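In: got a structure for you, letters missing:
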């Protein structure tokens, strides 16, 4: 930056010298500058007017080439640094969100988290880059004005005082308005993005219930006011530049008039000084304007940066703890045991899991039943380790499940949810979840597909396991999506398989097919089957019946189901209906 600023000043001097040489070459040939050059280099062309003009023109052109080349490199460096800052802070946020407890995510809006990661650009492009730009422009202006003061100190001092004080007062007045509208703009953007994400994610329900106009209106109710605020942001951001440009050129005209009326100088000197002032104004005024724009950009970005800093401050403890956590050696040889486990969600004193105690032996197939709200899904999240008990202990063999060994525990668990997450990649990438294409064990993928009873439809896909199955698995049926989720769980070679109401949203035919697939693993892995439909758990070794977060009954399938059916006749009717449909 210093080299570029120095070359900018030298380039201005070369322009002024060239203007003087063209206007009054005779006087320039006898000047001390030409005499000095003659002492350094033995150049005959400096003895003639034509040679002087051509030589000074070529010198000016050469300086411009060197200056602009180095300036391009400097600009590249500034942009690269800003981009690296964006990548760095974006990674901190995303990685930090990953390391936050699962319970924290339950209380967050996904659109807000996505916005926060996208707003990393306000740190790079709208904060770091303007800061570097301010330093760069300030350095250039300082060196130029020092050079100008040496040539014409009185005029330069007046120009500097007037322009500097004008810029300060203009920015001082507008700054408060910028802060105000930037905060309002940030809030509107949050609302706009939230409405857009909600409507797109729920497009099926939106269309079924004919809510397109309602969601569009909600969007417009925030987008229209934002457009006005955005206009004010642009107005307050551009106003300092326009005002300063007007004042600056007024000062330039005034300075030239003062020189003509008050000072007795030669035509060459007058032309050179005027050229120097004009070119300096041509460079300095945009630079000052750019500084003001950069300050405006920084002020505009502050509300977004405050939001990012709030998130970074919030995730920092979990982020640092995550970095320090080492994967502890872990094995599952005998049993999983809950001992007086209690759990309640954040800001809720009511315990959704109360004094839960049971034991699952390795190799057993255990069913978990209960009405909606009984705590089945919470039990699964506790078992997996996504949620931490507020009281009690979870043992794997004789080892307490803690944050230090949870990563190892998760490596031996396969989880099949009710609504599996299918993303817009190939079948193989969905099964080998999270792995790059070149790292996928294709033979293992095919083996998992066979184990998940997927062979009947894989052969019909255009590119077999390399077929794209669409966002949310739109190209697959519900039963096929569940099989993909089972194959994904099997790819990890799990010792424990958890099926979290994996058949509840399927038709009877698909349900029976998935049930057959699930029970094909009986005796090979420890199976935990959470079900609303009683037919799903009829083949289990034992059943846990949950009611209001507590164990109502635990025992053999037949005895538990008989009592459950007597006390929940409506559920029994539903199951009979499902059987005969």
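Out: Okay, I see it. In this text, all values refer to a predicted model and were calculated from it rather than measured experimentally.
In: Low-confidence ranges, the stretch 201-350 of the chain, go.
Out: 201-211, 237, 241, 245, 248-249, 252, 255-256, 258-282, 318-330, 347-348 (pLDDT under 70).
In: doesn't residue 337 make contact with residue 383?
Out: No - if you go by C-beta atoms under 8 Å, residue 383 and residue 337 don't touch, sitting 10.8 Å apart. Quick note: C-beta positions are derived from backbone N, CA and C, even for glycine.
In: More neighbours: which of these two?
Out: Neighbours per residue, other C-beta atoms under 10 Å: of residue 383 and residue 337, the larger number sits with residue 383, 24 against 18.
In: I'd assumed the more buried one was in a helix, is it?
Out: Yes - judged by DSSP: H, G, I helix; E, B strand; the rest coil, residue 383 forms part of a helix.
In: can you pull the contacts of it?
Out: 336, 394, 498, 528 (C-beta atoms under 8 Å, 6 or more residues apart in numbering).
In: what's the answer for residue 189, then?
Out: 115, 226.
In: Take the contacts of residue 383 and keep only those in strands.
Out: Among these, DSSP state E puts 336, 394, 498, 528 in strands.
In: could you dump those to JSON lines with distance to residue 137?
Out: As requested, those are arranged in JSON lines below (distance: C-beta to C-beta, whole Å):
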{"residue": "336", "distance to residue 137": "65"}
{"residue": "394", "distance to residue 137": "60"}
{"residue": "498", "distance to residue 137": "60"}
{"residue": "528", "distance to residue 137": "64"}
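In: which of those residues has the most neighbours?
Out: residue 528 (25 neighbours).
In: doesn't residue 362 make contact with that one?
Out: No - the pair residue 528 / residue 362 is not scored as a contact, 11.8 Å apart, by C-beta under 8 Å.
In: Report the spatially closest residue to residue 107, excluding sequence-adjacent ones.
Out: Nearest residue to residue 107, sequence neighbours excluded (C-beta to C-beta, 6 or more residues apart in numbering): residue 346, at 5.9 Å.
In: Around that neighbour, count how many other residues there are.
Out: For residue 346, using other C-beta under 10 Å, the count is 9.
In: contacting residues for it?
Out: So residue 346 contacts 103, 104, 106, 107 (C-beta under 8 Å, 6+ apart).
In: Take the residues you listed and keep only those in helices.
Out: 103, 104, 106 (DSSP state H).
In: got a list of contacts for stretch 85-100?
Out: 105, 113, 116-117, 120-121, 123-125, 128, 308, 311-312, 314-316, 318-319, 321-322.
In: Give me the buried subset of those residues.
Out: Among the contacts of stretch 85-100, the ones that count as buried by 16 or more other C-beta atoms under 10 Å are 113, 116-117, 120-121, 123-125, 128, 308, 311-312, 315, 318-319, 322.
In: Closest to residue 551 out of the contacts of residue 346?
Out: Nearest to residue 551 among those, counting by C-beta to C-beta, is residue 103 at 22.5 Å.
In: Setting aside sequence neighbours, what's the nearest residue to residue 358?
Out: Using C-beta to C-beta, 6+ apart, the closest residue to residue 358 is residue 338 (5.4 Å).
In: how distant is the helix or strand harbouring that neighbour from the center of its chain?
Out: Residue 338 belongs to strand 335-343 when assigned by DSSP states H and E. Between the centre of strand 335-343 and the centre of its chain there are 37 Å (C-alpha atoms, centre = their mean, to the nearest Å).
In: residues of that strand that come out buried?
Out: 335, 336, 337, 338, 341, 342, 343.
In: same question, stretch 172-187
Out: 174, 178, 181, 182, 183, 184, 185, 186.
In: Let's have those in JSON lines, adding secondary structure and distance to residue 373.
Out: Shown next, in JSON lines, are the buried residues of stretch 172-187 (DSSP: H, G, I helix; E, B strand; the rest coil; distance: C-beta to C-beta, whole Å):
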{"residue": "174", "secondary structure": "helix", "distance to residue 373": "56"}
{"residue": "178", "secondary structure": "helix", "distance to residue 373": "50"}
{"residue": "181", "secondary structure": "helix", "distance to residue 373": "46"}
{"residue": "182", "secondary structure": "helix", "distance to residue 373": "44"}
{"residue": "183", "secondary structure": "helix", "distance to residue 373": "41"}
{"residue": "184", "secondary structure": "helix", "distance to residue 373": "41"}
{"residue": "185", "secondary structure": "helix", "distance to residue 373": "41"}
{"residue": "186", "secondary structure": "helix", "distance to residue 373": "38"}
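In: Closest one of these to residue 552?
Out: residue 186 (49.8 Å).
In: ok, now how distant is that closest one from residue 359?
Out: 52 Å (C-beta to C-beta, to the nearest Å).
In: is it true that residue 195 touches residue 218?
Out: Yes - between residue 195 and residue 218 there is a contact under C-beta under 8 Å: 5.0 Å.
In: So which residues of the stretch 151-300 of the chain form strands?
Out: For the stretch 151-300 of the chain, no strands are identified by DSSP state E, counting those that start in this stretch.
In: From residue 197, how far off is residue 109?
Out: Distance from residue 109 to residue 197, by C-beta to C-beta: 9 Å.
In: Comparing these two, which residue is more hemmed in?
Out: A direct count of neighbours by other C-beta under 10 Å for residue 109 and residue 197 places residue 197 higher, at 16 against 13.
In: Just the pLDDT at the more buried one, thanks.
Out: We note a pLDDT of 72 for residue 197 in this prediction.
In: which ones are touching it?
Out: Counted by C-beta under 8 Å, 6+ apart, residue 197 has contacts 110, 111, 114.
In: Look up the residues that both of residue 383 and residue 337 are in contact with.
Out: residue 394.
In: Any idea how many residues pack against residue 403?
Out: Around residue 403 there are 14 residues (other C-beta under 10 Å).
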